[in-house]
Each structure stands twice: as structure tokens, then as C-alpha cells.
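# Structure for the following, please:
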Amino acid sequence: MPVSAEDSQNKVARFDGPPRVVALGFQVSHAKLIGPTDLFPDPSFDRSREIANSVAEYMRLHDPFMPYRLGPEEMEYTTLPQVLEKLKDRFRKV
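Below you'll find the model as predicted:
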């Protein structure tokens, strides 16, 4: 999702997406680097931000799925395998 540099760090919103992208513009003039200029705070990107948030919300409605979290083989420091073992009789194939 295109965001301004000011909004690039997630402080209060959801941390699971959509991924944020920042664009900074620079110019070279008389052998000097001028900038940066923040390119994404422009209102013309508002529709893109709306769409990105809508897609992320739709994906959240499907509950957590990979790669939302690491696969079981990569989750070293968790009790998830023990919890799943205790609950295995409650699972049904669909």
C-alpha cells in the first residue's frame, strides 16, 4: 500500500498488512543530491490505499493461514505442537 514516509511505521493500526511502500524522490543538481521528496502522500493514491485495505480486510475474514504465521517446522519456541496433540480428537476432516 503506498503511504507517506510519516505513515510508514505502523503505530496503532493492524500489523498484519497490507505491506506498506514508501517512495522518496531525489534530484542531482550541480553535483549535489537534493531531497528527499515524499512522493506518496498525494491524494491521488487514496483510492489505491482504499483498495489495499479492502483486500487485506477480505483476507483477514478467512482466518489465519500460511504465511500469516510460520509453518509448524519453523515454530521452535512454542507449545503449539503440544496443544494440537491435546485437541486432535476434536478435529474433523472437511
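# Now do the contacts for the residue nearest the centre of the chain.
Centroid-nearest residue in the chain, with Cα atoms, centre = their mean: Gly17, separated by 2.4 Å. Counting by Cβ atoms under 8 Å, 6 or more residues apart in numbering, Gly17 makes contact with 56, 59. The C-beta positions use only the backbone N, C-alpha and C, and glycine is treated the same way.
# give me that answer again for 6 Å
Going by Cβ atoms under 6 Å, 6 or more residues apart in numbering, Gly17 touches Ala56.
# Got the confidence number for the nearest residue to Leu39 once chain neighbours are set aside?
Nearest in space to Leu39, with sequence neighbours left out and distances taken as Cβ to Cβ, 6 or more residues apart in numbering, is Ala23 at 3.9 Å. pLDDT recorded at Ala23 is 95.
# pretty sure Ala23 is touching Pro41, no?
No - counting by Cβ atoms under 6 Å, Ala23 does not reach Pro41; the two are 9.9 Å apart.
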